[in-house]
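Quick one: sequence plus predicted model below, questions after.
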Amino acid sequence: LAVKCGGQYESLTWGQLGDRVCQLAVALIRSGVEPGDRIVQVSENRLEWIVCDLAIQLARAVHVPLHATLSGRQIVEQLVDSGATKVFLSDFSQLTKLTERVAELPAALDYWVFDSIDDCPVGMEVASLAQLEGHGDLSEATRVLEDAQQQVTPETLATMIYTSGTTGEPKGVMLTHDNLYSNTQATIEAITMVREDRRLTFLPLSHVFARTCDLYTWLMIGYQLSLAESRETVLSDCQTVKPTALNGVPYFFDKVRRYLVSQQVEVRPGALRDLLGGEMRICCSGGAALPEHVFEFYWQQQIPLLEGYGLTETSPVITVSTPEHYRRKSAGRAISGVEIRIENEEILTRGPHVMQGYYQKPEATQEVIRDGWFYTGDLGHLDENH
């Protein structure tokens with residue numbers, strides 16, 4: 001795992017990362033975390049995000065990642081709705097969002113901030129992540145690992161991710177360990193990821209796209225994962241990391257195309273590959289429909305831009321194009337274990353990727369999951385190559 005520190009990438013071994021995860025898991029349990037407790041995290045992509053995600057799950061709690069771009073009101077609403085008992089925050093700016101609405105927060109909440117802070121806000125129990133980690137003891141790690149291996153089942157709730165709320169109030173999507181595992185495994189099989197890959201990630205890990213397709217594929221395969229310093233540094237980070245694979249949204253891939261056009265090198269063979277570090281093997285696009293002109297540009301530059309389709313409620317991947325089977329205006333084929341059918345032009349899907357339901361919203365769950373089929377609300381069709 002490579003992360004930027006002082007403008008330079010520094011690497012952690014699996015052993016170093018594992019020790020830190022285990023130490024934090026022990027510390028969480030010592031702090032009173034019980035299996036099934038919800039723990040909120042509000043943070044941009046950084047090393048601590050990954051450590052907390054894995055430690056929360058190792059402690060058999062439920063990770064509730066909230067998007068770092070949310071307002072204080074939105075964070076408070078989702079924090080309260082989740083019933084969280086602990087909160088991780090990246091820095092003072094995220095803490096400030098909550099201090100401005102402290103009267104709306106539950107009284108018995110513990111807050112841990114990744115960056116050091118000078119003053120503790122009135123009415124809030126705030127400490128640093130380093131202080132919490134100091135209460136961990138690696139001598140207890142073996143017991144914590146054994147407990148998790150014995151007690152966690154495929155049906156155990158792993159995470160709760162809130163929908164954007166663009167079609168109504170945000171809802172907590174409950175995803176199990178098997179939801180995430182099965183979707184990760186099937187995605188790996190479809191795209192043929194290999195241990196020799198180097199992947200750069202810049203999409204928010206609080207969204208399930210990056211979490212499943214960058215973070216968890218990395219865990220299962222063991223390739224090198226590098227965190228982009230920010231969305232603005234992706235291209236310069238590519239020059240350093242020289243990734244072989246990259247996930248993104250259509251806007252990003254079109255922005256890259258427009259940059260090459262502005263430099264008047266869009267027709268030069270290899271221009272795109274050079275801009276992306278020189279060793280790019282595949283790019284994958286999700287989150288929105290991929291414009292045809294963007295697909296065509298990447299195809300002409302001989303870098304497959306593989307379009308996929310999915311939702312938070314489906315962990316997220318339903319279909320994905322592959323290096324052997326991709327074409328314009330197609331989101332690919334269903335991944336292994338996933339069923340699709342079309343009913344009145346609406347896409348329905350069934351399989352191990354479908355969420356457990358919306359948190360404390362049984363009626364909303366029943367509206368979208370009927371007889372095991374998840375009704376996506378999206379329009380689509382299957383052709384003869386499905």
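Yep, it's here. Model, not experiment: these values are computed from the prediction. Numbers count the residues shown, from 1 in each chain.

For the helix or strand in which residue 75 is found, give the mean pLDDT please.
Element membership of residue 75, judged by DSSP states H and E, is helix 72-82. Averaging pLDDT along helix 72-82 yields 96.

same question, stretch 325-344
Rounded mean pLDDT across stretch 325-344 is 95.

Ends of that stretch, what's the gap?
27 Å (Cα to Cα, to the nearest Å).

One more: stretch 54-67?
Start-to-end, stretch 54-67 (Cα to Cα) is 18 Å.

low pLDDT regions in the stretch 1-150 of the chain?
For the stretch 1-150 of the chain, applying pLDDT under 70 flags the ranges 120-123.

can you give me the strands for it?
Listed in chain order, the strands of the stretch 1-150 of the chain (DSSP state E, counting those that start in this stretch) span 2-5, 8-11, 38-42, 62-66, 86-89, 110-113, 125-128.

possible to save these as CSV with distance to residue 313?
In short, each C-beta sits where N, CA and C put it, glycine included. Output for these, formatted as CSV (distance: least, Cβ to Cβ, whole Å):
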stretch, distance to residue 313
strand 2-5, 30
strand 8-11, 35
strand 38-42, 18
strand 62-66, 16
strand 86-89, 24
strand 110-113, 29
strand 125-128, 34
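
could you dump those strands to TSV with mean neighbour count?
Formatted as TSV, these follow (neighbours: other Cβ atoms under 10 Å):
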stretch	mean neighbour count
strand 2-5	16
strand 8-11	11
strand 38-42	24
strand 62-66	25
strand 86-89	25
strand 110-113	22
strand 125-128	15
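
Name the nearest residue to residue 350, ignoring sequence neighbours.
Closest residue to residue 350 apart from its sequence neighbours, by Cβ to Cβ, 6 or more residues apart in numbering: residue 339 at 4.5 Å.

Give the burial count for that neighbour, as a bare number.
By the criterion of other Cβ atoms under 10 Å, residue 339 has 14 neighbours.

quick one: the helices in the stretch 201-350 of the chain?
208-210, 217-221, 234-241, 250-262, 271-275, 292-300 (DSSP state H, counting those that start in this stretch).

which of those helices is buried the deepest?
helix 208-210 (a mean of 23; mean count of other Cβ atoms under 10 Å).

and that helix, how far out from the chain's middle?
3 Å (Cα atoms, centre = their mean, to the nearest Å).

And for stretch 325-336?
22 Å.

Name the residues that touch it?
183, 185-187, 189-190, 292, 295-296, 304-309, 317-322, 340, 349, 380, 383, 385-386 (Cβ atoms under 8 Å, 6 or more residues apart in numbering).

Apply 6 Å and report the result again.
Under the contact criterion Cβ atoms under 6 Å, 6 or more residues apart in numbering, stretch 325-336 has outside partners 186, 189-190, 292, 295, 304, 306-309, 317, 319-321, 340.

in it, what's buried?
By neighbour count on 16 or more other Cβ atoms under 10 Å, the buried set for stretch 325-336 is 326, 330, 331, 332, 333, 334, 335.

now the end-to-end length of it.
15 Å.

Of the buried residues of stretch 325-336, which belong to strands?
Residues of the buried residues of stretch 325-336 located in strands (DSSP state E): 333, 334.

Put together CSV for the buried residues of stretch 325-336, with distance to residue 253 on each row.
Listed next are the buried residues of stretch 325-336 as CSV, based on distance: Cβ to Cβ, whole Å:
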residue, distance to residue 253
326, 14
330, 16
331, 15
332, 16
333, 21
334, 23
335, 21
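
Pick out whichever of the buried residues of stretch 325-336 sits closest to residue 74.
Nearest to residue 74, judged by Cβ to Cβ, of the buried residues of stretch 325-336 is residue 331 at 29.5 Å.

thinking again about what came up before, among the contacts of stretch 325-336, name the ones in strands.
Filtering the contacts of stretch 325-336 for strands - DSSP E - leaves 306, 307, 308, 309, 317, 319, 320, 340.

separation between the spatially closest residue to the fifth one that is not a sequence neighbour and residue 109?
Setting aside the residues directly before and after it, residue 317 is nearest to residue 310 in space (Cβ to Cβ, 6+ apart), at 4.5 Å. With distances taken as Cβ to Cβ, to the nearest Å, residue 310 is found 33 Å from residue 109.

repeat for residue 269
Taking Cβ to Cβ, one finds residue 269 at 57 Å from residue 109.

which residue packs closest to the residue nearest in space to the middle of the chain, ignoring adjacent ones?
Per Cα atoms, centre = their mean, the C-alpha nearest to the average position across the chain is that of residue 211, at 2.2 Å. Leaving aside its chain neighbours, residue 211 sits nearest to residue 205 (5.3 Å; criterion: Cβ to Cβ, 6+ apart).
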